[in-house]
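Asker: 3D, please:
(2 chains)
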Amino acid sequence: MTVTPAAGWHPDEPALQDYVDGHLTGLSAGSVEAHVLGCPRCRAALRTAVPASRLDRTRDLLEDRLDQAARPRPERGLARLGVDEADARALLAAPSLRLAWTLAVVAAALLGLLLAEAATRPDAVFLLVAPLLPLATTAVAFAPALDPAFAIVAATPYRTVRLLLARSLAVGLTSVVAVALAALALPDRDVTAVVWLLPAAALTLLVLVLAPQLGTAPAAAGVAAAWVALNGVLERRGLGMDWVEGAAAQGISAVLAAAALAALVHQWAGLDRGGRA
Amino acid sequence: MRGPQDDAALLRAVADGDRSALRALYDAHAPWLVLRLTRRCHDPELVDEVVQDTFLAVWRGARRWDGRGEVAAWVWGIGVRRLLDALRRRPQAALPLVEGDTALVVSAEEQVLLGIEHGDLGGAYARLSPELRAVLQATVLDGLTSKEAGRLLGIPAGTVKTRVMRAKAALREDLA
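Answerer: Numbering: from 1, shown residues only, chains lettered A, B, ... in the order given. So this is what the prediction gives:
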C-alpha cells in the first residue's frame, strides 16, 4: 500500500510548516512524508526548515568519516595496530622509507641466500653483515635527497624528535625482522641469531649521531668501514667473528648504543628548540 | 530543483566514487531526512549521527540501488534502519510513534489537505487504538518489515502481522 497523491497535489505552505513544527499528526504527517519522497519541489521547500549551520556541521562530520574510510590500507593497518594517525601518515608519506624497507627486505634475502651458500663459516658471514643492514636502511631512510616529502614533513607542526624517532624505529624494526628471517638460513640456530642485535643498534645509532656533522652517506660509510676494519684486525689476531658473542663485546655494544641514544635525544631535542639539522 | 532523473544520475555517479555527487545528494535529501527522523527521535545529536550513517551507507552501497523507484525512498529505507540501530543503543531517545489524544482530532482542513474525498480515512485511522496505529505507522508509512517494526515496538514480529491485519480490517469496516 502506498500513498499516491493525485496528480498536481502538493501540501500547501501552512501544512508543510505544521509538519516541520510537529503539529501534524497521524495520517496527515504520513501523507506529507510519503508525498515528499516523490516530490523534489516539496523537498526543496523543506530545505529552509533545517538550519544551514546544522546541515553544514553534519556534512563536515560526514566528510571526515569518508576521508577516514578512504585512508590507504597500510595506514589503516598501522592505525589499527595502535600507531598514532599522524605518525602513520608521516611514515607512509615518505618514499625514502619505502625504499629503505624494500632495501632491508632485499638485502636480508640476499644475506639468507649467502648464508645458505656459504660452505665455510656461515656464522661469521652473518655476524659481519647482519649489523650493517639496519645501519644501511636507516641511512637510506634519512637521506633527504631521496625524499621529496622531507621538506614538507620538516615544515609541518610535528615534533622533529618524534618524527625521527618514529622513522628510525619503523625502518630499524623492519630490517631487524628481515634479518631475523635471514637467520633462519643459518645451519645451526644458536646465539648467533641474537647476538648481532646490540652491535647493530650501536652502529645504527652511531650513524644517526654522526649524520648531522658528516652527512648521512659519509657517516654510514665511515661507521660500516670501521666495523669491517675492526673485524679484519680481530680476525688477523685469530679471534674470528665469535668475539661478538662474548660478554665484553655485548657489554661494550650496549654501552655504546646507550651513549649514542642519549646523544641523539639531546641533539634532536635541540632541533625542536629551533635549530635545524 | 532536482528531479528524480537527477537523483538517479547522481546516485550512479556516487557509485563510481564521485564525492561531489554525494555532496549534491546530501544537499537535496538531508533536510527532509533530518525532519522526518526528528519526528521519531527527540535527540538532535542522534538524528545528525543517523544522517551521517545514512549517507555513509549511501556512499558505500550506491551500487546496490536497483535503479527502480525513488532515490528518496531508497534513502529513507536506509535512514529508518540506521535510526532503528541507533535507537537500540539509546532507547530513551525514541519518540512514541503515535501521539496521544491529539491524533484523535483531525480537522476538516487537514482532511482537505490530505485529498481524502471518499470516506473518512483520517477519522478512521484516528479512531484506531494506539497499538494498531503504531504498527501501521511502522510498517505501512515507514516501510519497515514486521520483524523490524517488532523490534522497534518491543513486540514479536507475529504480533505485528496480526495487528496490521486487525488494523486493516478495522479501517475497512469503519469506511464501509
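Asker: any low-confidence regions in the stretch 1-150 of chain A?
Answerer: Residues of the stretch 1-150 of chain A that meet the criterion pLDDT under 70 lie in A:1-8, A:71-101, A:115-120, A:142-150.
Asker: Show me the helices in it, by range?
Answerer: Under the criterion DSSP state H, counting those that start in this stretch, the stretch 1-150 of chain A contains helices at A:13-21, A:26-38, A:40-46, A:52-70, A:73-80, A:85-92, A:95-117, A:122-129, A:132-141, A:149-155.
Asker: surely B:D142 meets B:V80?
Answerer: Yes: counting by Cβ atoms under 8 Å, B:V80 is a contact partner of B:D142 at 5.4 Å. C-beta: built from backbone N, CA, C; applies to glycine.
Asker: any residues in contact with both of these two?
Answerer: Common neighbours of B:D142 and B:V80, counting by Cβ atoms under 8 Å, 6 or more residues apart in numbering or on different chains, are B:R40.
Asker: Give me the helices and strands touching the regular element (helix or strand) spanning B:V164, please.
Answerer: Secondary-structure assignment from DSSP states H and E places B:V164 in helix B:157-175. With contacts taken as 3 or more Cβ pairs under 8 Å, 6 or more residues apart in numbering or on different chains; DSSP states H and E, helix B:157-175 sits against helix B:121-127, helix B:130-136, helix B:146-153.
Asker: For the spatially most central residue of chain B, grab phi and psi.
Answerer: By Cα atoms, centre = their mean, chain B has its centre lying nearest to B:D142, at 3.0 Å. Taking degrees, to the nearest 10, you get phi -90, psi -10 for the backbone angles of B:D142.
Asker: can you tell me the helix or strand for the nearest residue in space to B:V47 that is not next to it in sequence?
Answerer: Distances taken as Cβ to Cβ, 6 or more residues apart in numbering or on different chains place B:L37 nearest to B:V47, at 4.6 Å, with adjacent residues excluded. With the criterion set as DSSP H and E, the secondary-structure element containing B:L37 is helix B:19-38.
Asker: Check which helices and strands that helix is in contact with.
Answerer: Contact here means 3+ Cβ pairs under 8 Å, 6+ apart; on that basis helix B:19-38 packs against helix A:26-38, helix A:40-46, helix A:52-70, helix B:4-15, helix B:44-61, helix B:71-89.
Asker: Can you tell me which helix or strand of chain B has the lowest average pLDDT?
Answerer: Counting by mean pLDDT, DSSP states H and E, the weakest-scoring helix or strand in chain B turns out to be helix B:108-114, with a mean of 46.
Asker: which helices and strands does the helix ranked longest in chain A pack with?
Answerer: Secondary structure of chain A read by DSSP state H shows that its longest helix is helix A:247-272. Using 3+ Cβ pairs under 8 Å, 6+ apart as the contact test, the elements touching helix A:247-272 are helix A:160-183, helix A:197-214.
Asker: would you turn those into a markdown table with mean neighbour count, mean pLDDT and distance to chain B?
Answerer: Putting the helices and strands packed on helix A:247-272 into a markdown table (neighbours: other Cβ atoms under 10 Å in any protein chain shown; pLDDT from 0 to 100; distance: least, Cβ to the nearest Cβ, whole Å) gives the following:
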| stretch | mean neighbour count | mean pLDDT | distance to chain B |
| --- | --- | --- | --- |
| helix A:160-183 | 20 | 74 | 30 |
| helix A:197-214 | 22 | 82 | 42 |
